[in-house]
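>>> Next one to model:
(2 chains)
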Amino acid sequence: MKKGAQILVEGLMREGVEVVFGIPGGAVLPIFDVLYDSPINFYLTKHEQGAAHMADGYARATGRVGVCIATSGPGATNLTTGIATAYMDSSPIVAITGQVATSLIGNDAFQEADTTGITRPITKHNYLVKDVRDLPEVIKEAFYIASTGRKGPVLIDIPVDVSRSMADLEFPDKVEIRGYKPPYKGHHLQIRRAVDAIEEAEKPVIIAGGGVISANASDELRELVRITGIPVAMTLMGLGSFPLTDPLSLGMLGMHGTVYANYAVTEADLIIGMGVRFDDRATGRVDKFAPHARIIHIDIDTATINRTVFADIPIVGDLKAVLKEIIKYVKPKDLRDWHERIREWKEEYPLSYSREGGIKPQYIIETLYELTKGDAIIATGVGQHQMWVAQFYKFTKPRTLISSGGLGTMGFGLPAGIGAKVGVPDMPVIVIDGDGSFQMTMTELGTVAGHGIPVKVMIINNSYLGMVRQWQQLFYNRRYSASKLRGTPDFLKIAEAYGIKGLRVSRWEEVKPAIERALYEEGPFLIDFIVEPEENVFPMVPAGSALSEVMTKWEAVNLA
Amino acid sequence: MRHTISLLVENKFGVLARIAGLFSCRGYNIESLTVGETEDPTVSRMTIVVDALDERVLEQIIKQLNKLIDVIKVSDLTEEERVERELALIKLNATSSTRSDIIQLVDIFRAKIVDVSQSTITVEITGDKEKVDGFLRIVRPYGIKEIARTGIVSVVRG
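Prediction:
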């Protein structure tokens, strides 16, 4: 006979869980008692939001399911932003929450919240386990649902009396869910149509999204490009799926994408969208997106197909399997004219920034790339700094950019970086954060200190909520309403209070030695970069404009 | 255009909330929703009538429904030959002078009287939406005190 709590922990270990992030509390005491002797490494965080982001960062960096645990009521509600972040970016996490005893549910008991109700719209699925006998199957199902098909967060809510209940149980060998059968092979005829379309195209472009990384299909993508010579644009979530150093890379497309990516997509006669959802940040004005192109859309989630853009050739299936099929039939192409056109655009509209004035954040990112050569994991917050990372760090490998794309959660950077470092201890993990974003979850420096996690934090400190300020400058006549940060602490003193070494940098020539020092010294490190305060992110496609109307620096200055 | 969608779902708590939530959070309007057990007690059938603005919206609705783990099968019955029924209980004002007229109308519609009092008559009527709507139109002048409608259930012919 085993307690529910023991069954849970045994279930986690059977799923290969080695690491859990979270905070204990009344409703999860039985579970934590079992964790005390278990080989699972538990990371005590400072806030449950941090725990959820850590589980998410761990999942994105390793490809495995991240696990976080919180108590009932406020513990569970604190996970919400982290779960929604994972949901929007299709990241596989399992969140375990305690709940009040089954007899008290619905009575507004102490630390009670309707966790399953609150998280229903932001989870792939969730469970309230009212009978301990359901637990083994629920755990197995939860991990299966989180890690297959279009991945996503699953929550298991366990009342404290269920955790204490005894039962004699077996774990099922297999999971069979009537209503859930993720597709695998693409339809053979659709694949043939796609191959024919590729053969006919004279100006094809691949748009690679987060799905390429989620499906572990980078090798297949590279093979397809090697055979056909088709250039590759990437969404924010797709960065790393194809090396940005490759001459056929177009960089990121969309709102802050490169001019050449946006122009190529606009002039293309064939778009091959793989693992992308064609969301508004990437497409610009949808009715003017890729006006001359037929669109092949390969995705594992059929609901994504025809959701925003019309798919001429939809293929529903696992991307790795579908690409393997396409590679079998596709033939080399002569795209020299198209490559030449793209080369002209790249020469005329490179990503650039001026070296006048205070330190430019773009220079910091470039220098970081030079010193790491892409052999690092970069976790970011949300805002201008995030866009500069996407533009100036040349990601060459999948699972090296850990960034909240869909929900755009400020404060994601530090905890996600911690989760990534726990998951991939042999890679340097650098958190690039904004001073605004960083302050949202900087309490997790306590987790860094408490568990000795050697992340390197680099704050792009411009004393503003930068992206908000940029929009206010361009579209609200420089009315900086509530975008100038107040009461920002001395980050070095904060780091020191946690026993973490740090440096402040305010001169150009100090940038490189500071980063070198942070990377090569052991242990966690924090650099506070005081940068040019009113630098703007360009290129930019304003909301509601077409990708073809992408603004480079000069035009934007005229607009202001 | 009205679409009738029939779903087979797991007979577990929370399924209804999940499906209703999917409609509400995406701003789709449910006209009617009925649910009940099937011959397999672990499976329930749900019939939803939705007013879809255009075909693309409907395609999305059906795909999102299919994605739900607890949804086993989704069928759009709109274009199919089908049998459609709903039930309504209607409480009408009825005095001694109007009672016999009401009884005649009830007979014409093959409905049933299930309750009577000094001042009211309660009618039970089943039929497709047009029949129930038609009966309501005819009896409205007598004064409807209360209506309880179930919403459509539907099964494909053959």
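
>>> Domain map for chain A?
A:2-167, A:188-348, A:361-538 (automatic domain parsing).

>>> quick one: the shortest one near chain B?
Yes - Domain A:188-348 reaches chain B (Cβ under 8 Å from any Cβ of the partner chain) through A:Asp301, A:Thr302, A:Ala303, A:Asn306, A:Arg307. In this view, the C-beta of every residue, glycine as well, is placed from N, C-alpha and C.

>>> For the residues you listed, give me a markdown table that also has neighbour count.
A markdown table is the format used below for the residues of domain A:188-348 next to chain B (neighbours: other Cβ atoms under 10 Å in any protein chain shown):
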| residue | neighbour count |
| --- | --- |
| A:Asp301 | 19 |
| A:Thr302 | 19 |
| A:Ala303 | 19 |
| A:Asn306 | 17 |
| A:Arg307 | 20 |
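
>>> Could you dump the domains of chain A into TSV and include mean pLDDT?
TSV is the format used below for these (pLDDT from 0 to 100):
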stretch	mean pLDDT
domain A:2-167	97
domain A:188-348	97
domain A:361-538	97
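
>>> Which among these is found nearest to B:Glu84?
Within those, the stretch nearest B:Glu84 is domain A:188-348; the backing value is 27.6 Å (Cβ to Cβ).

>>> Please name the spatially closest residue to the residue in chain A positioned nearest to chain B (chain neighbours excluded).
Relative to chain B, the nearest point of chain A is A:Ala303 (3.8 Å; Cβ to the nearest Cβ). The shortest distance from A:Ala303 to any residue other than its chain neighbours is 3.8 Å, reached at B:Lys63 (Cβ to Cβ, 6 or more residues apart in numbering or on different chains).

>>> And for A:Asp33?
Distances taken as Cβ to Cβ, 6+ apart put A:Ala5 closest to A:Asp33, at 6.7 Å, once the chain neighbours are dropped.

>>> Over to B:Glu80?
Sequence neighbours aside, B:Val156 is the residue nearest to B:Glu80 in space, at 4.9 Å (criterion: Cβ to Cβ, 6+ apart).

>>> now stretch B:58-66, how far from the chain's geometric center?
Its chain's C-alpha centre and that of stretch B:58-66 lie 21 Å apart, by Cα atoms, centre = their mean, to the nearest Å.

>>> residues in contact with it?
The set of residues external to stretch B:58-66 that reach it, using Cβ atoms under 8 Å, 6 or more residues apart in numbering or on different chains, is A:302-303, A:306-307, B:3, B:5, B:7, B:19, B:22-23, B:26, B:28, B:50, B:52, B:71, B:74, B:76.

>>> just stretch A:490-507 next, same as before
Counting contacts by Cβ under 8 Å, 6+ apart, the residues outside stretch A:490-507 that touch it are A:358-359, A:435, A:438, A:442, A:445-446, A:448-449, A:457, A:459, A:461, A:511, A:514, A:517-518, A:521, A:523-530.

>>> So which bits of that stretch are buried?
Of the residues in stretch A:490-507, A:Phe491, A:Leu492, A:Ile494, A:Ala495, A:Tyr498, A:Ile500, A:Lys501, A:Gly502, A:Leu503, A:Arg504, A:Val505 count as buried by neighbour count, 16 or more other Cβ atoms under 10 Å in any protein chain shown.

>>> what comes up buried for the longest helix seen in chain B?
The residue-count maximum for a helix in chain B (DSSP state H) belongs to helix B:55-67. Taking 16+ other Cβ under 10 Å as the neighbour-count basis, helix B:55-67 is seen to contain the buried residues B:Val57, B:Leu58, B:Glu59, B:Gln60, B:Ile61, B:Ile62, B:Lys63, B:Gln64, B:Leu65, B:Asn66, B:Lys67.

>>> These into JSON lines, with extra columns for pLDDT and distance to A:Lys328?
JSON lines is the format used below for the buried residues of helix B:55-67 (pLDDT from 0 to 100; distance: Cβ to Cβ, whole Å):
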{"residue": "B:Val57", "pLDDT": "80", "distance to A:Lys328": "37"}
{"residue": "B:Leu58", "pLDDT": "82", "distance to A:Lys328": "36"}
{"residue": "B:Glu59", "pLDDT": "85", "distance to A:Lys328": "31"}
{"residue": "B:Gln60", "pLDDT": "87", "distance to A:Lys328": "33"}
{"residue": "B:Ile61", "pLDDT": "85", "distance to A:Lys328": "36"}
{"residue": "B:Ile62", "pLDDT": "90", "distance to A:Lys328": "33"}
{"residue": "B:Lys63", "pLDDT": "93", "distance to A:Lys328": "29"}
{"residue": "B:Gln64", "pLDDT": "91", "distance to A:Lys328": "33"}
{"residue": "B:Leu65", "pLDDT": "92", "distance to A:Lys328": "35"}
{"residue": "B:Asn66", "pLDDT": "94", "distance to A:Lys328": "30"}
{"residue": "B:Lys67", "pLDDT": "94", "distance to A:Lys328": "30"}
